[in-house]
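> Give me a 3D structure for the following:
(2 chains)
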Amino acid sequence: DTGVSQNPRHKITKRGQNVTFRCDPISEHNRLYWYRQTLGQGPEFLTYFQNEAQLEKSRLLSDRFSAERPKGSFSTLEIQRTEQGDSAMYLCASSLEAGARYTFGSGTRLTVV
Amino acid sequence: DQQVKQNSPSLSVQEGRISILNCDYTNSMFDYFLWYKKYPAEGPTFLISISSIKDKNEDGRFTVFLNKSAKHLSLHIVPSQPGDSAVYFCAASEETSGSRLTFGEGTQLTVNP
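Below is the predicted model of the structure:
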């Protein structure tokens, strides 16, 4: 059990560029979550998957955001046409089917310049 | 609409004394509450949880108290240790949410030797 792995750890991009982050959950966990955290705030829910099905999306997830979990294992979060307001820490977490005791990854810090 | 609030951004205590971190919520549908701890450059780590059918849960030096009528919970750490210095997040979920968590803003705890 290597925990939840997120790549890259840091990403600096120019406004208007597309970025993609990857999350590898704990292998036996079938639920996978994406959260976003900005400075001085707690994590905010973006979306979650049960296996390969995306079951819920937050209204924070605008049309420029898309998440996939094609085989029910790793997940990707893509942001198109990045804006400065997208600068944040993007956290991935996974859990077993029941309960909310997530295991979080270390996050990907995105800076849009 | 901040449904989970931690009104104290920071708390400083002496080693060996009790640390009390507070959290208030507004959504009466929340039925499961958790505390996470976060060190710099790491993702949040699960600490302790409590179901709404209980009013207290204890795990070693950590105790969480829930007052449903006041929509208030607190985390007690006793005795506090310097290694407890971290940001503590309160989080809540409702059974129908698919384990989506709503986080508070966090409280930075500093335990001085």
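> Excluding sequence neighbours, find me the nearest residue to the residue nearest the centre of chain A.
Nearest residue to the geometric centre of chain A (Cα atoms, centre = their mean): A:W34, 3.5 Å. Computed as Cβ to Cβ, 6 or more residues apart in numbering or on different chains, the closest residue to A:W34 that is not its neighbour in sequence is A:L46, at 4.3 Å. Where you see a C-beta, it was placed from the backbone N, CA and C, and this is true even at glycine.
> just B:G43 next, same as before
A:F104 (3.2 Å).
> Need the pLDDT of A:G99.
pLDDT recorded at A:G99 is 65.
> Then the one 3 residues further on?
Predicted confidence (pLDDT) for A:Y102: 89.
> phi, psi of it?
phi -70, psi 150 (degrees, to the nearest 10).
> Least confident secondary structure element in chain A?
Across the helices and strands of chain A, mean confidence by mean pLDDT, DSSP states H and E is lowest for strand A:53-57: a mean of 90.
> hmm, it in reach of chain B?
Yes: for strand A:53-57, a contact with chain B is found by Cβ under 8 Å from any Cβ of the partner chain, at A:L55, A:E56.
> any residues touching the helix or strand A:L32 falls within, and which ones?
Following DSSP states H and E, one finds A:L32 within strand A:31-37. Strand A:31-37 has contacts (Cβ atoms under 8 Å, 6 or more residues apart in numbering or on different chains) with A:23, A:25, A:43-50, A:60, A:67, A:69, A:75, A:77, A:88-97, A:102, A:107, B:98-100.
> Just the buried ones from those?
Among the contacts of strand A:31-37, the ones that count as buried by 16 or more other Cβ atoms under 10 Å in any protein chain shown are A:23, A:25, A:43-50, A:67, A:69, A:75, A:77, A:88-95, A:102, A:107, B:99-100.
> just checking, which of those residues belong to strands?
A:23, A:44-50, A:67, A:75, A:77, A:88-95 (DSSP state E).
> circling back: next up, the contacts around the residue nearest to A:W34.
A:L46 is in contact with A:Y33, A:W34, A:Y35, A:R36, A:K57, A:S58, A:L60, A:L61, A:F65, A:A67, A:L77, counting by Cβ under 8 Å, 6+ apart.
> Quick check, pLDDT for the last one.
You'll see A:L77 listed with a pLDDT of 97.
> same question, the fourth one
Predicted confidence (pLDDT) at A:R36: the value is 96.
> angle of the strand holding A:L32 against strand A:44-50?
170 degrees (axes from the mean of the first three to the mean of the last three Cα atoms, to 10 degrees).
> Out of the contacts of A:L46, which two sit at the greatest distance?
The distance between the two most remote of these (Cβ to Cβ) is 14.1 Å, for A:Y33 and A:F65.
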